[in-house]
Structures are given as C-alpha cells and as structure tokens.
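Trainee: sequence? don't have it. structure:
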Ligand code: UDP
C-alpha cells in the first residue's frame, strides 16, 4: 500500500469571497454527477514544491464536493530520488543521460510501487515522472489513468525522453500546463492543458495583517528598515539562485542598503537541493545582507506569506519553469514580481501586468532598481497582477478543470472546449463577456485577448488535439 497523506477537511464554500459566487456554483454543478467517484492522486513528496502545494488543497476539496479522493506518495530512497531528479532535469532539457544503473533503479522502484498499489479507484492521477512507470507494471483495472506533467517538457533530452516515452503509452489522458510543453510524439491521444492555481484561503495566501507580517520577519532576523528583495523557490539550478545573487549585487550599486532573502524548500524527492544550498552558503558567507532560509529551519507557510507580503520586490529568476506558483502567490499579495521569461511565468504576468519579465542578470538588476526607486509603480503593477490571479489562477478554476476531465473520461468523450474552456490555457471561461473566435464554423472562447491571438496564430495546433 502506498503511504497516505492526511489532508484534513476543507469547504468549497470558503472560496466564495475570494474566487466569486459564480465560480463556486460552477464547481458544485460540475461535481454533481461525479459524486461517489473514487480518485487517487499520486506523487513523490508530501511537502516542498508546487505539486504537494496543489494536492494539499485539491484533494480535500474533491472530498467536500462528494467525491472520495486520496493522496498517496510513492516511497523511495536517496538513490531513487537522485535518478528521478536526473529524469526531471533531462525532461527539462538537461544534457546529462541516464546510466544503465539509473534506469535499473527507476524500473525496480516502479515495479515495487505497482505491487504496493491499492485497487478500487475510478480515476488515478500520477504526477510528474517519479511514479509515471508504475502503470507499465500492472493492468489498468477499471480505472481511468491520467499522467499530470508539471514540468516544461518542450525540449527534452532526447535520450531521457526515449526512455520515458513508452511508460506513458498506457495512460488514458495526459495533462500539461501549457500547449508548448506537449512533446510532439507524446504517445497519449487525449491531452488537456490545465495551468495550476493557488489556494487563496490557505495560511500561505490568506491576507496577513502588515503588523503581524512585520513581526514574523523581525523574529526570523529580517528587519524591514532596509529594502527587501526575495526569491522563494526550491534550491534548484533551474531557479537560478546564483543569478539572483548576481543581480542583487549589481542592484546594490544603485541601492546600497538592499537586502536579499533566498527562501528555499528541501523536498523529500529533491536531493540536489542540499548541494545547491551548500553552494549558496559558501558563495555568500561574508555578505550579511543576504539571508538564506530553508523549511528545515522552520520557515514554513506563514513565514513565506510574510516574505511575499512585505518584500518590496519578489524575484523568480527561473531559467526553466513548469508554472511557478510563487509568482501567483506573490501577485495575490499585491507585490510586484521580476521574473524570468520561462515556462508558465508569462501566463501569470507580462510586462505591464504584475511586474517585469527579464532575460539575464543585468536585466534583472535593472528591473529591481526600477521598482525599488518607484514604489508607486510597484504598487500599481502588483495590483494589476492580483486582478489577473483572481481572474485565472485561484483553485476553484483548477478544481473545475479537473472535474471536467474526469467527467469526460467517465463518459468516454472529449472535453467540450467550445462549451467552456479556453483551448490554449485550459482555463474554464465563465465570464459574461467572453473573448471569442470562430474557426470553421465553430466558436471558441478564451480567457483573454492574449490566448485568442496565440490560438489565432496556429489554430491547427489546438484543434488537432481535440
Ligand atoms: N515553497 C515553500 N517554501 C520554500 C520554497 C517554496 O513553501 O522555502 C513553496 C512555494 O510557496 C510554492 C511551492 O513551494 O507554493 C513551489 O511551487 P512552484 O510552482 O513555484 O515551483 P516548483 O517547486 O513546483 O518547481
């Protein structure tokens, strides 16, 4: 039996104020004919990183809506997680190949997980590459199986992709964050595009009174007398923490009292984080203006909330990114963001909304200085970002997308995008005045002008997938 993660209870009703009455009603309606359906979500870690963040909110909400949902994790030792991190990196384009020994370790674990797998679910969602091969070592039973990919697989290392590809063939559906991430030779016929979302009522994202947030940061040793720039991210080379430090050093030439906080989680399935953490400590030991924190030192959700609420600028200098929940988390607090033009980040913000998209260290430093010198601009950008997150990246929309996929799989028909989903970003479109485009006699609805123009540039790409 795979380990169960206890997620407690949540009520969809508590989202009416933040996400809107209409969104909650739409979710209730979509769940009505799935009542009693048994859903299993499987990943590799109960904490640290975006997937565990999503499942902690999604699973109890599915239960509240009358489904019977479990979250289980596959177990693994250090060696297994070194291999799965190498696969993760390879799928994001890292040049390193897997050794024969790596492949053997991955397959042995997949076989062991398959043997430990519980029967009795109607839908099984396997998240990311860690558990993906499990289905190759057992039959599907009566369940529908979904592979949910959270990473940028648009330009994978071909050798790593060739190894992983056959394990995906038996899935009934695959879900990606962006259409650009879908590998052209994906062996799964049904593909959905669903971006993640944040939970606005979780301790990480609920409104924190300024005085409380200030006391929290004071207590952990980051006084707010000086301008504060923060990056919250797993310690991972793709998040480019060394690039953040380089940009902050440059920005200090213009803003000498700037302080930088790097807040990084150590996830159970990410052994690389320890090396990156040591490297950062070594590189900055005589620079007292740089603060480095980890979840292992007790910096948890409320502390992350305080950082995202009170930083003058949040940076997310990713080189590759699946989605980057931290961007929406920070914008939700009205804080401007300076972020790499990578993966799902431009979905959440664009120049003029939320902050600045940057390319490279100098660009990043310039954007930080601009925002520190002009707090009114920062506030205006933060507010526009918050509005975008409210419209598109709150968890009821994600629940709605997941329910739509389960319903369509149960009924054996494709999701009817024209009826209610933006075919580019996967978002449920519920507004009274939707953005529309008619192609070959059929009208499609979009969440924004941006998605409509992406669709308009190559409709075939999206229509082929339906
Ligand atoms: N996070 C955290 N503490 C940390 C670093 C990250 O709680 O020290 C959280 C962060 O707030 C976000 C998630 O981990 O909810 C990271 O998700 P994201 O999509 O940004 O990146 P991923 O780690 O999945 O690549």
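Mentor: It's in. Since we're looking at a predicted model, the values are computed, not measured.

Trainee: What residue, apart from its backbone neighbours, is nearest residue 3 spatially?
Mentor: residue 73 (5.2 Å; CB to CB, 6 or more residues apart in numbering). The way it works is simple: take the backbone N, C-alpha and C, and place the C-beta from them, glycine included.

Trainee: isn't residue 97 right next to residue 159, touching?
Mentor: Yes - using CB atoms under 8 Å, residue 97 is in contact with residue 159, at 4.8 Å.

Trainee: which intervals of the stretch 151-300 of the chain have sub-threshold pLDDT?
Mentor: Counting by pLDDT under 70, the stretch 151-300 of the chain shows no low-confidence range.

Trainee: Do a quick rundown of the helices in it.
Mentor: For the stretch 151-300 of the chain, the helices defined by DSSP state H, counting those that start in this stretch cover 158-168, 210-219, 241-252, 272-284.

Trainee: one step back: next, show the common contact partners of residue 97 and residue 159.
Mentor: Listed contacts common to residue 97 and residue 159 are residue 90; contacts here mean CB atoms under 8 Å, 6 or more residues apart in numbering.

Trainee: Could I get the contacting residues of the closest residue to the ligand within the chain?
Mentor: Residue nearest to the ligand within the chain: residue 50 (2.7 Å; CB to the nearest ligand atom). Applying CB under 8 Å, 6+ apart, we find residue 50 in contact with 150, 196, 322, 323, 324, 325.

Trainee: redo that, cut-off 7 Å
Mentor: 150, 196, 322, 323, 325 (CB atoms under 7 Å, 6 or more residues apart in numbering).

Trainee: Most neighbours out of these, which is it?
Mentor: Of all these, the highest neighbour tally under other CB atoms under 10 Å goes to residue 322, namely 28 neighbours.

Trainee: if I pick that one, what's in contact with it?
Mentor: Residue 322 neighbours (CB under 7 Å, 6+ apart): 50, 150, 151, 152, 177, 343, 344.

Trainee: Weed out the non-buried ones from the residues you listed.
Mentor: 50, 150, 151, 152, 177, 343, 344 (16 or more other CB atoms under 10 Å).

Trainee: So residue 66 versus residue 12, what's the distance?
Mentor: Per CB to CB, to the nearest Å, residue 66 is found 10 Å from residue 12.

Trainee: where do the strands sit along the stretch 351-466 of the chain?
Mentor: Taking DSSP state E, counting those that start in this stretch, the strands of the stretch 351-466 of the chain run over residues 354-358, 435-439, 442-446.

Trainee: Identify all contacting residues around the second one.
Mentor: Read that as strand 435-439. In contact with strand 435-439 (CB under 7 Å, 6+ apart) are residues 443, 444, 445, 446, 448, 449, 452, 455, 456, 459.

Trainee: closest to residue 290 among those residues?
Mentor: residue 448 (37.4 Å; CB to CB).

Trainee: For residue 341, give its distance to residue 237.
Mentor: 17 Å.

Trainee: on that earlier part again, return the closest of the buried ones among the contacts of residue 322 with respect to residue 266.
Mentor: Closest to residue 266, out of all of these and judged by CB to CB, is residue 50, at 14.6 Å.

Trainee: tell me the pLDDT at that closest one?
Mentor: Per-residue confidence (pLDDT) for residue 50: 94.

Trainee: where does the stretch 351-466 of the chain have low pLDDT?
Mentor: Ranges of the stretch 351-466 of the chain meeting pLDDT under 70: 351, 413-420, 425-433, 464-466.

Trainee: you'd agree residue 217 is up against residue 310?
Mentor: Yes - using CB atoms under 7 Å, residue 217 and residue 310 qualify as a contacting pair, with a distance of 6.2 Å.

Trainee: intersection of neighbour lists for the two?
Mentor: residue 224.

Trainee: ok, the two, which is more surrounded?
Mentor: More crowded of residue 217 and residue 310, by other CB under 10 Å: residue 217, with 22 against 19.

Trainee: got the contact list for that one?
Mentor: 224, 306, 310.

Trainee: Nearest to residue 104 among the contacts of residue 50?
Mentor: residue 150 (25.6 Å).

Trainee: Give me the spatial nearest neighbour of the closest one, chain neighbours excluded.
Mentor: residue 322 (4.5 Å).

Trainee: part of a strand, is the one you found?
Mentor: No - assigned with DSSP: H, G, I helix; E, B strand; the rest coil, residue 322 falls outside any strand and is coil.

Trainee: so how far is residue 248 from it?
Mentor: 24 Å.

Trainee: Give the buried residues for stretch 309-329.
Mentor: Buried, per 16+ other CB under 10 Å, within stretch 309-329: 309-329.

Trainee: check the residues you listed against the ligand, which are close?
Mentor: For the ligand, the contacts drawn from those by CB under 6 Å from any ligand atom are 322, 323, 324, 325, 326, 329.

Trainee: And the first one, its phi and psi?
Mentor: In this case it means residue 322. phi -70, psi -70 (degrees, to the nearest 10).

Trainee: Over to the fifth one?
Mentor: Reported as degrees, to the nearest 10, the phi and psi values for residue 326 are phi -60, psi -30.

Trainee: is it true that it touches residue 232?
Mentor: Yes - using CB under 7 Å, residue 326 is in contact with residue 232, at 4.9 Å.

Trainee: still on that earlier bit, more neighbours: which of residue 66 and residue 12?
Mentor: residue 12 (21 against 14).

Trainee: Provide a list of residues in contact with that one.
Mentor: Here residue 12 is in contact with 24, 27, 28, 61, 64, 65 (CB under 7 Å, 6+ apart).

Trainee: Now do the same for it: its pLDDT.
Mentor: For residue 12, the predicted pLDDT is 97.

Trainee: who does the helix or strand where residue 103 lies touch, helix- and strand-wise?
Mentor: Element membership for residue 103, per DSSP states H and E: helix 100-115. Judged by 3 or more CB pairs under 7 Å, 6 or more residues apart in numbering; DSSP states H and E, the packing partners of helix 100-115 are helix 78-91.

Trainee: and the angle for the helix it packs on with helix 272-284?
Mentor: 80 degrees (axes from the mean of the first three to the mean of the last three CA atoms, to 10 degrees).

Trainee: How about helix 78-91 and the ligand, touching?
Mentor: No - using CB under 6 Å from any ligand atom, helix 78-91 stays clear of the ligand, coming no nearer than 9.3 Å.

Trainee: Next, the buried residues of that helix.
Mentor: Quick answer for helix 78-91 (16+ other CB under 10 Å): 80, 81, 82, 83, 84, 85, 86, 87, 88, 89, 90, 91.

Trainee: between those residues, which is nearest residue 412?
Mentor: residue 91 (29.7 Å).

Trainee: which ones are touching that closest one?
Mentor: Contacts of residue 91 (CB under 7 Å, 6+ apart): 129, 151, 153, 156, 160, 161, 164.
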